[in-house]
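Q: Okay, structure incoming, though there's no sequence with it:
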């Protein structure tokens, strides 16, 4: 459920047009006339071509938005929950806004810099690996009337990189060597490394408000407590009127901000976030008319919503959070005896399998992918409400590549295992070289995961693999490296698993894959807990990281997805649904699957007559 | 009596110290820690997590962390620094050159989640809890005494049987289920009562804010009616599940009293039944009930965790649940500590009250 800050601005990029270069060769020709040589139309990827078209609204009124999780962190860079990202999207603007259709629109900036329009220069001037120049809209102001200038963006970069800051993602910011402000409206970012996700480095904090608060105090919330919020300057559609813990958060229109599409301030006078203690109570509250929109619901809530007669008001779209099986690639030969990194499950329940790690065998992993019946999991455990996934890339992302799916085929799984030397024993379980095909399946104690693992145990048994389901607390499976030991049950960071089921909220930008799958990022320096090591995969990810040519990114990501499926980097199960319920009173609601969230266009929301 | 009270207060000190150690140990034994908030976020590197732990002093050895929380150690110095930089014991008041941190100085730290002072945050949640728990407590004790007394007087009657059935149902009913049922029936279906919060967010500023008290001053009648309407469902939930046990307790105690010689003597003297029942039997029957009520007083602070969460009531119980969800250990420890101290004091109060209502008891 955690979405991180950059999330405020982050969305995905989309392929806007991809022309067929061979189309011209199909044109009819005549013997008398020599046809001009066919010129392939260059492939083109656009990131600023959103179809977003809000209707004109009327000013005034208030909308109440229900959520069953309470926002407590109001600094958008520290926001860690969906609800906090929703508040941040309504109150804080950046250079760009991520749209519902995976595009970007300039928000505080006049245009989005690209290599095509000269805003991005690679290599950059004066020895930069890359120089990005943003131009701000004229006369921008914070909600308190102070000018919003390049100095604020420079301060924000320094603030993120302050050594005393903590618990924050520095991704991308650490690639910047300096920021120049040749004028109040010109922001020149000098990068020491090419950073593909530069569009996401667009958030801004108010220098005039924060400069006098020591960072050591800010990391403990100084300047951003509920009492402070009414005086915190905001850059977005709304500003804070009051934050009342346990009850509500009240935003009022910021007349100093003009909408990225309408170029006018927000229509609504007030936007109230009302906090419930329980999703069921929130649904009842919506039915009773207490709120106009409710968010943060799951597909599992849809039957309840329908039972309450809310079917026509449900908005359910696939989110960027996907559930998956994560096979541990490590074979144990390079295991660190102290930390356990590089090993596999050390659960005594699988100790009788012999020495080795079954999932480290590529054939074994391939068999897993054909043995798991995702449709059965979706229908039997999830009521058919989720969208079965093929890769970890959202189908609407511009870098999505439609690879042949690895569909359920137990006979194929058996033949792969047979060919790889996994022979069936007397008890129906396979073995190879003295290693029994016995694995530990790890996950958390969520009921859906308990049920899913039970199904998978049966599905694997049908192909001759014995699996032991082990549902442990989230604090064990996701234990931080320095807090865990090699014996922490199912501890991913200490490689104490064979196959784990959990979820990732993927970054809308492909660079998010880099630190999760590249072989440079084994613990304790990175998040490649599955010990994935594949030179081709690394090369594709390095390519993604090292270019701002979105066509190249798209091709590299196609390679990544091909390898992802063929070599079973993961076994994606389904994309979770993002569910909101929107009452008839609210105009211009556009569900946004990215971490910009449902309030991304709150500036255009209005109360219908 | 005064000596007894002083003696009990002194005895309470090691108990409270023991409680603080227990609370700290429980929090340490709980899986995870405040840094668990980053568990699902691969963008937060181990380096950033370590910096977070350092910023909050979580990188220090456990005895140091505990010593700082209690207020015996100076947090600005390394290790177990019992003396301040002025070479004065840190536990002494700041005015004497001591420290200003820790429980002993009334400083419970800051919320890891919102940055508010723990004392301030807990203080804000106290009034809503007092309102809800106080209303429920008064109502359920009154009802429990009435039901218990009449069930005892009409032993094995239809009323007694009905009260018994009601008690068992109420006792067995899960709070969360009853609360949700009431919400669905009276909120979602009948739409006659609000289902969440303390005030109507469409009409009223949030309860407790400066704007609210201005609004309250202008329209006190409307504001009070609004709060009372919001109180009905959570109070009913608490009363239904709580009255059952206490009414059985009163019934049993009353039956025992009615069978005593002094009651028979009173009747033999020809006293009216009303006098015998309420002056002789009931007063004695309530003696154990007083102890029970005393032990329920901390509930006025700690609130009803489940009920407050279901009805989105902004009290201590909901704060406690939210703090668990958000890994806000400082708030959790603050609530646990205050609730534990109140329990110790409530026990003392119950003992004193016992002596007041029973002249035979001498301390």
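A: Nice, thanks for sending it over. As the structure is a prediction and not an experimental result, all values here were calculated from the model. Numbers count the residues shown, from 1 in each chain, chains lettered A, B, ... in the order given.

Q: what lines up beside the helix or strand residue A:576 falls within in the sheet?
A: Assigning secondary structure by DSSP states H and E places residue A:576 in strand A:571-582. If you go by DSSP bridges, strand A:571-582 pairs up with strand A:293-297 (antiparallel), strand A:314-327 (antiparallel), strand A:387-388 (antiparallel).

Q: Take the ones you listed and lay them out in JSON lines including mean neighbour count.
A: No exception for glycine: its C-beta is placed from N, CA and C like everyone else's. Converted to JSON lines, those look like this (neighbours: other C-beta atoms under 10 Å in any protein chain shown):
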{"stretch": "strand A:293-297", "mean neighbour count": "25"}
{"stretch": "strand A:314-327", "mean neighbour count": "22"}
{"stretch": "strand A:387-388", "mean neighbour count": "17"}
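
Q: Take those strands and lay them out in JSON lines including distance to residue A:270.
A: As requested, those are exported to JSON lines (distance: least, C-beta to C-beta, whole Å):
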{"stretch": "strand A:293-297", "distance to residue A:270": "14"}
{"stretch": "strand A:314-327", "distance to residue A:270": "22"}
{"stretch": "strand A:387-388", "distance to residue A:270": "35"}
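
Q: For chain A, what is the nearest residue in chain B?
A: Proximity of chain B to chain A (C-beta to the nearest C-beta) peaks at residue B:115, 1.4 Å away.

Q: nearest residue to that residue other than its sequence neighbours?
A: Nearest in space to residue B:115, with sequence neighbours left out and distances taken as C-beta to C-beta, 6 or more residues apart in numbering or on different chains, is residue A:221 at 1.4 Å.

Q: ok, now residue B:31?
A: Counting by C-beta to C-beta, 6+ apart, the residue nearest residue B:31 is residue A:475, at 3.6 Å.

Q: what's the next secondary structure element after whatever helix or strand that neighbour lives in?
A: Under the criterion of DSSP H and E, residue A:475 resides in helix A:474-477. Going down the chain from helix A:474-477, the next helix or strand is strand A:499-505, by DSSP H and E.

Q: Parallel or antiparallel, which strands does that next one pair with?
A: In the sheet, strand A:499-505 lines up with strand A:314-327 (antiparallel), strand A:438-443 (parallel) (DSSP bridges).

Q: quick revisit: touching, the residue nearest to residue B:31 and residue B:35? I think so.
A: No - applying C-beta atoms under 8 Å, one finds residue A:475 not in contact with residue B:35, separated by 10.1 Å.

Q: Tell me how far residue A:162 lies from residue A:215.
A: Relative to residue A:215, residue A:162 is positioned 5 Å away (C-beta to C-beta, to the nearest Å).

Q: Kindly apply the preceding question to residue A:590 instead.
A: For residue A:590, the distance to residue A:215 - C-beta to C-beta - is 37 Å.

Q: repeat for residue A:506
A: 30 Å.

Q: Residue A:304: what's it in contact with?
A: Neighbour list for residue A:304: A:280, A:283 [criterion: C-beta atoms under 8 Å, 6 or more residues apart in numbering or on different chains].

Q: ok, back up a step: right, and the strands paired with strand A:499-505 - which one's nearest residue B:140?
A: When the strands paired with strand A:499-505 are compared by C-beta to C-beta, strand A:314-327 sits nearest residue B:140, at 39.8 Å.

Q: tell me which element residue B:235 falls in.
A: Assigned by DSSP H and E, residue B:235 falls in helix B:220-258.

Q: For the very next helix or strand once past that helix, what is the distance to the chain centroid?
A: As assigned by DSSP H and E, the chain's next helix or strand after helix B:220-258 is helix B:261-268. Offset of helix B:261-268 from its chain centre (C-alpha atoms, centre = their mean, to the nearest Å): 41 Å.
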